[in-house]
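Asker: Starting from these lines, generate the structure:
(chains A and B)
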2 protein chains.
Amino acid sequence: MTLHDYWRSGAGYRVRIALALKNVPHDRVTHDLRTGAQRLPDYVALAPQGLVPAIEADGLTLTQSLAILEWIEETWPDPALLPADASGRAIVRSMAALVACDIHPLNNLRVLNALKADLGAQQPQVDAWIARWIGDGFAALETLIARHGAGFAYGDTPTIADCCLVPQVYSAERFAVDLTPYPHIVAVAARMRAIDAVAAAHPSQQSDAD
Amino acid sequence: MTLHDYWRSGAGYRVRIALALKNVPHDRVTHDLRTGAQRLPDYVALAPQGLVPAIEADGLTLTQSLAILEWIEETWPDPALLPADASGRAIVRSMAALVACDIHPLNNLRVLNALKADLGAQQPQVDAWIARWIGDGFAALETLIARHGAGFAYGDTPTIADCCLVPQVYSAERFAVDLTPYPHIVAVAARMRAIDAVAAAHPSQQSDAD
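Answerer: Here you go, the predicted model:
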């Protein structure tokens, strides 16, 4: 099994955390997003969006980190990253989607580049744009964790919600977003990062890191 | 069970299609996004992001359309909206996430408003922004449907990928995006719309439609 990835990809980082928590052996092929390597024809033939992450396994290429997380959970069920009950699964998936649909897509590299190239945004405007969507999303996520968490985002063990939360906190820190309004998010991220497998999935620990 | 919705919400439309295909009885409470009704305190207490759709059921409020679609599938399994095999489920979920993560979030009302209010974008720039992300996403989705579809986005029966595709085509038509480069997408949308349950989920058929 091969993971197509880039060290600073937030979506790739989610998948690395899940694979590490489940101790799934895999190769890793990297694509430098800064040089547009993910848009080269050979990769686009595999992954038509030309984005990372993607997983090659069993002759298929699987894309989109949320779909990959579900596939990992189904293929290697232990330790479980989804609760046993349907309501719990729905809450966990909603937290993951909050990050993956309503924060991350607005702040990834190609969108920030488009703000500058297509709309003439200056860096302070881009910084405010980033902070706005992280702030909106984190305010709601903070409430949901206060309601449903018990050490982790949902309950007392890691779930796919935590796999999505940690990379988003990393991104917020990179962009110098003030996290003091979100003590539950900060506490969950710290607890996750204290797990050796999660620490090994950190961008700085990847072979292609600067 | 109550669905919190707005007739023109693309994410709400996804959920309406799934509920209709499975013939799930439910009430519908509407929130007019144009007046900001979804940000009123009573609703935000239920759904902290202040977004539609949300489902109230069994004393819980479930948010995020992708999470709701999975919950609907688990709670009312027939007719199935996910394939029986893990690889098939991963492909279907990746198509749904392509729309829900990489197209829709960039083009929804609050983001378009922010482009204008925060970045000073003029309407032609906003129109180009919308067309760009729909075009990028649809080009990849077209390839995936050509690879995996057989009448519907994946295989020969509707899945959650189709539940996400139909509202995105509706949005593309509203924004006058040229769909001729995407014959598979157009054909799948037409086949879905010919299903009575899907037609009943159309924005124009909702009680709060203009």
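
Asker: What is the least confident helix or strand in chain A?
Answerer: helix A:109-119 (a mean of 94; mean pLDDT, DSSP states H and E).

Asker: where do the strands sit along chain A?
Answerer: With DSSP state E as the definition, chain A shows strands at residue ranges A:2-5, A:27-30, A:54-57, A:60-63.

Asker: so does the first one get close to chain B?
Answerer: Same thing as strand A:2-5. No: figure legend: strand A:2-5 not in contact with chain B (C-beta under 8 Å from any C-beta of the partner chain); closest approach 13.4 Å. For the C-beta atoms, the positions are set from N, CA and C on the backbone; glycine is no exception.

Asker: likewise stretch A:76-95?
Answerer: Yes: applying C-beta under 8 Å from any C-beta, one finds stretch A:76-95 touching chain B at A:Ala86, A:Ser87, A:Arg89, A:Ala90, A:Ile91, A:Val92, A:Arg93, A:Ser94.

Asker: wouldn't the fifth one be in contact with A:His148 here?
Answerer: Yes: under the criterion of C-beta atoms under 8 Å, A:Ile91 is in contact with A:His148, at a separation of 5.4 Å.

Asker: where do the contact lists of those two overlap?
Answerer: Common neighbours of A:Ile91 and A:His148 (criterion: C-beta atoms under 8 Å, 6 or more residues apart in numbering or on different chains): A:Tyr154.

Asker: For A:Leu62, give its distance to B:Tyr182.
Answerer: 22 Å (C-beta to C-beta, to the nearest Å).

Asker: If you could redo that for A:Asn23, that was the one I meant.
Answerer: Counting by C-beta to C-beta, the gap from A:Asn23 to B:Tyr182 is 41 Å.

Asker: coming back round to it: please compare A:Leu62 and B:Tyr182 by neighbour count and tell me which comes out ahead.
Answerer: A direct count of neighbours by other C-beta atoms under 10 Å in any protein chain shown for A:Leu62 and B:Tyr182 places A:Leu62 higher, at 25 against 22.

Asker: how about the lengthiest helix in chain A: buried residues?
Answerer: Longest helix in chain A, counting residues (DSSP state H): helix A:123-148. Neighbour counts over helix A:123-148 (16 or more other C-beta atoms under 10 Å in any protein chain shown) mark A:125-126, A:129-138, A:140-145, A:148 as buried.

Asker: which ones among these come in contact with chain B?
Answerer: Answer for the buried residues of helix A:123-148 near chain B (C-beta under 8 Å from any C-beta): A:Gln125, A:Trp129, A:Arg132, A:Asp136, A:Gly137, A:Ala140, A:Leu141, A:Thr143, A:Leu144.

Asker: Throw the residues you listed into TSV and include pLDDT, thanks.
Answerer: Formatted as TSV, those follow (pLDDT from 0 to 100):
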residue	pLDDT
A:Gln125	95
A:Trp129	96
A:Arg132	96
A:Asp136	97
A:Gly137	98
A:Ala140	98
A:Leu141	98
A:Thr143	98
A:Leu144	98
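
Asker: farthest pair in those residues?
Answerer: A:Gln125 and A:Leu144 (29.2 Å; C-beta to C-beta).
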